[in-house]
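S.K.: How does the following fold in three dimensions:
(chains A and B)
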Amino acid sequence: MLNKLDRRQWLHWGAQGLGATAFLQLLLRDPSLRGQDTHESAHGPFPNFPPKAKRAIQICLVGGMSHLDSLDFKPALEKFHGKSLDSSEQPDIFFGQVGLIRKHDWEFRQRGQSGLWISELFPQIAELADELTIIKSLVSDSANHTPALFFANSGFQFNGFPSVGSWLSYGLGSINESLPDYVVLPDLRGGPNGGSSNWTNGFLPARHQGVVFESGPQPVRDLFPSQPIDARTEADTREFLRLLNERHLEDSRREELFASRIRSYELAARMQLSVPDVVDISDESAATRTLYGLDQDRTRDAAMRCLLGRRLLERGVRFVQIFSGGPIAGSPRCSWDAHENVLENHMAEAQKIDQPVAALLRDLKQRGLLADTLVLFTTEFGRTPFTQSSADSVGTGRDHNRYGFSSWMAGAGLKPGVTFGNTDEIGWKAVENPVTWNDFHATLLHLFGIDHKQLTYYHNGTQRRLTNVHGDVIRQILS
Amino acid sequence: MQWSYKILGPGCGLVWLAAQILYAQSPSFELSSSHPKEDPSGQVNHAEPVEQLIARKCINCHGGEKPSGDVDLSRPSVIARDDNGRVELATSRLWEVVRDDLMPPEHPLSADEKAVLREWIERGAPNEFEPINPFRFTTDHRAGFDWWALQPIIEPTVPSIVDKTRIRTSIDRFLFPELLEHGLSFSPDAEPRHQIRRLYFDLIGLPPPPEVIEKFAKQPTDAAYSAIVDELLDMPEYGERWARHWLDIVRYGESDGFERNGPRRESWRYRDWVIDAINQDLPFNEFARRQIAGDVLCEDPVEGVVATGFLVAGVHNTVVGASKSMQLLARQDELEDLVGAIGQTFIGLTFNCARCHDHKFDPVTQLEYYRLVAALADVNHGVRTVRSRMDTVLIEELTQKIVYLEREIAGLEEPARQQILNRRRAGSMPLSPGPQPIASWSFDTGLENTPEMLGVKVVGDAHLTSAGLQLDGEGDFAITEPLAFELKEKTLEAWVQLDDLDQRGGAVISVETDDGVAFDAIVFGEQEPRRWMAGSDGFSRTESFGGSLETTGDEVVHMAITYASDGRITAFRNGEPYGTSYVSSKLRAYPTSSARILFGLRHSPGGGNRYFKGAIRRAKLHDRALSPAEVAASAGVENNYVSPVELTSELSSESAAQRWKWVAEKEQFFVERSKLETDSLIASYTAVSNPPGETFFLPRGDVLSPGAVVLPGTTAAIASLSASFELDATADAAQRRVQLARWLTDDQNPLFRRVLVNRLWHYHFGRGLIATPSDFGFNGGLPSHPALLDWLATELKHDGYRIKPLHRLIVNSTAYRQSSLLDDRAQSQDAESRWLWRKTPTRLDAEVVRDSILMISGKLNSARGGPGYEDVAIIDQNNGTTYYQSFDRDDFLLDRRTLYRFTPRGGRSALLDGLDCPDPSTATPRRSVTTTPLQALSLLNNDFMIRMSESFADRAKSNFAQELDGQIGWMFQMAVGRLPTEEELVAARELALAHGTSAVGRALFNCNEFMIVQ
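M.R.: Take a look at the predicted model:
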């Protein structure tokens, strides 16, 4: 039953059936046309040094997860609960309302061998504390969602800059012939603020853009004709196209541009074969399905995407980005943007992803993939220790906090079971080893064997970098 | 002297040298002697001056704010000294490290260079050139004032060629010797069909009709060819094609970007302006000036205001957040976008790189960046509503006719009026009842007297007494039904008794929009105690009348406020003028069915000081601004107002008829004028000029620690022009931009012309003579054909900055018309065809692909201009982020040329996206051309492609009925400009018979021969 449901969601083009597969395989019979498109990648000697990570998967929590209720334990909040923030500054938050301080809504406990403090918000992820590298001192330049999200994704607050996945694709090239380098799996409830600008190739060549995989009839846009074309027609048409192109190639004395276009149709056919294969999870065991939470309504969307993420990584996709949370605006909230009520909002959001993300970590580990795979669990900013309410009350919601927040990483090349940096006594501002997104990105590239200062692309007057003109590798968290 | 460059090659280290030799003819350029070794002329070698040597080799590290090791070589005479302050070679540390090859690290000086330094130290290290301006010389790392692109354009001599067989235009004369030099030559002319396809796609972005190809193939003469060129340049499709290039360069997008990314509904006016300007071949300097300062320079307001849409074509942050620093930062970001756009678009300088520090690569200082900011600081994003000069004249003419008729009518009425007034004064006639209102309310006699269309509902404890509508000032008010007419000009009137003289802000009568956002009202005591005022939303139409103070609440007062079409607002108390009238910003119009009248409440929602305390006896609403006499009549006080009814009865029947005729004529003109006043308004998303205020230097770009005030100006990098605008810090905003526009487009600004001609070359050949069309600084490198570049720039000036003559020069050249076929020998010499031994094949642009497919399939909707077609669903998340979801639909309205696509940032289309159509979030002076499997998938499977394949087949069938070979032949001709070979025909026939002709169409739309111009 479950299998059927999955197949309906992800294999709607079943009308093409086996015939389609057969013709695609036919198309691939000519060995002279094999090979991959290698141009349009960085010229530099990348990786610059032996990489620790070969691939990465990022869970991107949209809206701003409260570090105070999850990863950054502040016992002092209990003491200060109901007191006012002792400061005369006008903080740069979003709504400008500074209420009284509120203690965390979830109990914190020390976990595992490492004794990391993680709250009950993520009970299953907490069990894997010994795998995590928690950064508790992230800071951002913006307390607005879209610029903060762009900043986290591309190192710039503005539209039009290439995202992390695009830079990796550009720098390292492809490690598979039949799938994109960079795949994006948005929340079923919709894309994050800024939509496709979050996974744009910006000024890098188009082949480095994030490719969205969606559930529904076409996991990748235009993968198959939207109106079914029967397999025979398809095969004959492509054969005829090949005839036209082959003759033309000969007449043109084998012009490279023409040859590469022919190859691109070849690669397209490969993709038509591999995408259905990767999204068809019928070969996954019942235990795996249960592990990820495919059998529960609450977790199904994230479970499907986490599992798909693992399958994509296994097949050579370089970077997978999973969004937790859809658009920011709207009611009821469908992201982590808990202005009204952290307890209700975060509980609902966490219950969707806790099990699937924990399962992903376990699964990668048990398959031996975690050794050279990075798992990133990030959010664009944190939330304030005081509530978003009138100055004399303890409200239930928290505003945006760009001055200090937490994320975790796990896997390749990292010291597991440690924390890095810290915020002040109440979790308001990063005071110990503040980490900018530029630092975060520099570290990420470093793990991939790339010197972030050397990965550049000329655009409108300057050699652009993912890290702008900043960024220091956080050596303390490297193994 | 272009040979010097060739011999030296493009190596970075020789950049300065090449530049200096090439531009040695320049009189204003301070030249040093040429390099001792590489001088190819064999003349006597001169040594490089020591300051140049030091600038080139040392200052990059040992200079600036933080010189490496605290050794500042901008004053080398200091460093050359030993510890005792003496200059001696033996003890000079400077000499020691250079002699021993310790400095410069890794790239020690050559023996000749060392000799220069040694000789200078031996002379006692004279310091006449200190400090060395780090921008003066081009170094291995950056461009200086001597950078080639900054030097004046000197018209190069056109090389004379002995063998003229391959020479068509002067362009060929410049290219041919270079080819020979490299052992190359032009390829033979391309096949006629390729030549014609090139021209069509290049100039108008659409495929050629097969007849044109056939005709030219029969007689491929130069004359026939250039006749086709002329024809294409005259087609409106030419402007549509080339406007697309310009819109790429200027980062044109139709949404705000950032978080909200709201759509811009009025941007297309600028897009249309660009198309028209290009079609008319508006001289390019004028084209540029209008985009920068058209609002000041153009006589016609529409032309000028629409053109400055360029300034705000980029992104705009509409969600800035609450804090001051974020607001300041957002503004500085916006100005950076603007300064960057102007530098890159018009002169290929990346000014924006100098916001936080001096430019790292080009001789532009941070201070100069802020001078440019000061020159542009009045520019803000917004919508401006303007009217053309012609329409203004028409409106004035109508006004004159109206005034004339009014005078005639008054003349005719005057005797009768006097008679009536005389009788009135004698007491034999009653006072005039006053003008007829559009609605009135007599609260003292009950609500029944209210005309039905404006029924009143009472809220709170408000109730009617014989004194009128009684209001307690704490929540009572009355509200009418929506207005069933549009209200523009108006008069509000009320008879009222104040229960509290110290109340502050209640309104007697108010007209407001449904949402309470806009309103006009008679308000008491809000801004000034005890005085009446014309209340309005955000006081946008409120000024003090300075009328008398109310002193008693015992009597009924008649208050009236008139709102005239020119924005004039006048108040009357008891029929007499109340203080002085004023002209407000603009008359506010209230649309039909979404406005209403309030009594006792200033505007919705209720609350605060908005309620009135007292009694409203009666009230009236007029749909025009009454004259003083009419107000007095309405107020029932002594006056000289005579109503039309009174007048007609006094006039002879003949005069009365004449009067009615004139009144009717006047009414007609009035209606015409009001329609024209509305219809002629053109709303355009463009630059709104606000007072710029002072501009401050921001060290490290930090908005929170401003430095000194900066005057408007520009960079001194172009020595032939003054960098000062001779304006002070308070200079008129508009003058600043005018000065900037003049500086940019000056005949003496070499970059302006070089950048433009290079752009033309780039679009015609797929690569510019400089490969980075918007960057002529250090990162742009050296031109492949410097003399040709400057010759084209000279031609541009000779042609009055018109572009069509340059197109002709280029596309009529042998270089352009030659074949693109590969040649093994030439390929091994020059794989990239840098010397133009062949024309490089180019993939069609995304827009051209879509437009051509539409045209071939017979579906192209050729409607020009106006609001764009929208193939995106716009999903606005409660005023949060706006999402744009692209869709495909079989809809004639969507089948327009892609240039007319509504182009929000981030709202990309699968098909266009795959073909490298850029997102307009940043400028795209050079599109990347990629070949990806996703592109192939889109071209195969996108709904649009499937739909068009079917239309293509239908069209073939309707042209050739049952004749399959005819259909196939025609399809090949349309798509690739030739008939199929026998093999192709057989295969196509087979495919069509088995799966329908549309399968043939689908394959043709995907094949290389269609997608690529050879």
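
S.K.: Quickly note the distance from the closest residue to residue B:299 other than its chain neighbours to residue B:373.
M.R.: Nearest-residue entry for residue B:299: residue B:389, 6.5 Å, with adjacent residues in sequence omitted and distances by C-beta to C-beta, 6 or more residues apart in numbering or on different chains. Just so you know, the C-beta spots here come from the backbone N, C-alpha and C atoms, and that holds for glycine as well. For residue B:389, the distance to residue B:373 (C-beta to C-beta, to the nearest Å) stands at 32 Å.

S.K.: okay, these two: which has more neighbours?
M.R.: Taking neighbours as other C-beta atoms under 10 Å in any protein chain shown, residue B:389 and residue B:373 compare with residue B:373 leading, 23 against 14.

S.K.: Contacts only, for the more buried one.
M.R.: Contacts for residue B:373 were tallied using C-beta atoms under 8 Å, 6 or more residues apart in numbering or on different chains; they are B:335, B:339, B:695, B:710.

S.K.: Report the beta-bridge partner residues of the third one.
M.R.: Counting by DSSP bridges, residue B:695 is bridged to residue B:710.

S.K.: phi, psi of the residue positioned nearest the centre of chain B?
M.R.: The residue lying closest to the centre of chain B (C-alpha atoms, centre = their mean) is residue B:310, at 1.8 Å. For residue B:310, the backbone dihedrals (degrees, to the nearest 10) come out as phi -50, psi -40.

S.K.: Apart from its chain neighbours, what residue comes closest to it?
M.R.: Spatial nearest neighbour of residue B:310, excluding adjacent residues (C-beta to C-beta, 6+ apart): residue B:291 at 3.7 Å.

S.K.: Find the helix or strand that the one you found is a member of.
M.R.: Taking DSSP states H and E as the definition, residue B:291 sits inside helix B:284-297.

S.K.: Compute the mean per-residue pLDDT across that helix, please.
M.R.: The predicted model assigns helix B:284-297 a mean pLDDT of 96.

S.K.: which is the next helix or strand following that helix?
M.R.: helix B:301-307.

S.K.: mind exporting that next one as CSV, just the C-alpha atoms?
M.R.: Extracted in CSV, the C-alpha atoms of helix B:301-307 (Å, rounded to 0.1, in the frame of the first residue of the first chain):
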residue,chain,number,x,y,z
PRO,B,301,8.2,65.3,-19.7
VAL,B,302,7.1,61.9,-20.9
GLU,B,303,10.2,61.2,-22.9
GLY,B,304,12.5,62.3,-20.1
VAL,B,305,10.8,60.8,-17.2
VAL,B,306,10.3,57.4,-18.9
ALA,B,307,13.9,57.3,-20.0
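
S.K.: got the contact list for residue A:58?
M.R.: Shown in contact with residue A:58 (C-beta under 8 Å, 6+ apart): A:164, A:319, A:320, A:321, A:322, A:375, A:376, A:377, A:378.

S.K.: wait, the fourth one sits on residue A:60?
M.R.: Yes - using C-beta atoms under 8 Å, residue A:321 is in contact with residue A:60, at 6.0 Å.

S.K.: And the strands in the stretch 1-150 of chain A?
M.R.: Counting by DSSP state E, counting those that start in this stretch, the stretch 1-150 of chain A has strands at residues A:55-61, A:108-111, A:116-119, A:132-138.

S.K.: okay, these in TSV with distance to residue B:490 and mean pLDDT next?
M.R.: Shown next, in TSV, are the strands of the stretch 1-150 of chain A (distance: least, C-beta to C-beta, whole Å; pLDDT from 0 to 100):
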stretch	distance to residue B:490	mean pLDDT
strand A:55-61	54	97
strand A:108-111	66	96
strand A:116-119	63	97
strand A:132-138	58	97
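
S.K.: Can you add distance to residue B:126 and give those back as CSV?
M.R.: Compiled in CSV, those are given as follows (distance: least, C-beta to C-beta, whole Å):
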stretch, distance to residue B:126
strand A:55-61, 61
strand A:108-111, 73
strand A:116-119, 68
strand A:132-138, 56
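
S.K.: Next, the residue sitting nearest the centre point of chain A: secondary structure please.
M.R.: The residue lying closest to the centre of chain A (C-alpha atoms, centre = their mean) is residue A:321, at 2.3 Å. With DSSP: H, G, I helix; E, B strand; the rest coil as the basis, residue A:321 sits in strand.

S.K.: Identify the residues contacting it.
M.R.: So residue A:321 contacts A:57, A:58, A:60, A:165, A:182, A:183, A:184, A:185, A:199, A:210 (C-beta under 8 Å, 6+ apart).

S.K.: Nearest spatial neighbour of the last one, chain-adjacent residues omitted?
M.R.: Spatially, and ignoring its direct neighbours in sequence, residue A:210 is nearest to residue A:199 (2.8 Å; C-beta to C-beta, 6+ apart).

S.K.: That neighbour reaches residue A:184, doesn't it?
M.R.: Yes - counting by C-beta under 8 Å, residue A:199 touches residue A:184, with 4.7 Å between them.

S.K.: Can you tell me the SS state at residue A:409?
M.R.: Per three-state DSSP, residue A:409 ends up strand.

S.K.: and if you look at residue B:618?
M.R.: strand.

S.K.: Just give me the neighbour total for it.
M.R.: 19.

S.K.: can you pull out the helices in chain A?
M.R.: Taking DSSP state H as the criterion, chain A carries its helices at A:2-10, A:17-27, A:76-80, A:123-126, A:145-154, A:164-172, A:231-251, A:256-279, A:286-292, A:297-314, A:342-366, A:437-447.

S.K.: Just the CA coordinates for the shortest one, please, in CSV.
M.R.: The C-alpha atoms that make up helix A:123-126 are tabulated as CSV, following Å, rounded to 0.1, in the frame of the first residue of the first chain:
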residue,chain,number,x,y,z
PRO,A,123,14.6,13.7,21.1
GLN,A,124,15.9,11.5,18.2
ILE,A,125,18.6,13.7,16.9
ALA,A,126,19.7,14.1,20.5
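
S.K.: Give the buried residues for it.
M.R.: For helix A:123-126, burial by neighbour count (16 or more other C-beta atoms under 10 Å in any protein chain shown) applies to A:123, A:124, A:125, A:126.

S.K.: pretty sure the second one is touching residue A:354, no?
M.R.: Yes - using C-beta under 8 Å, residue A:124 and residue A:354 qualify as a contacting pair, with a distance of 4.8 Å.
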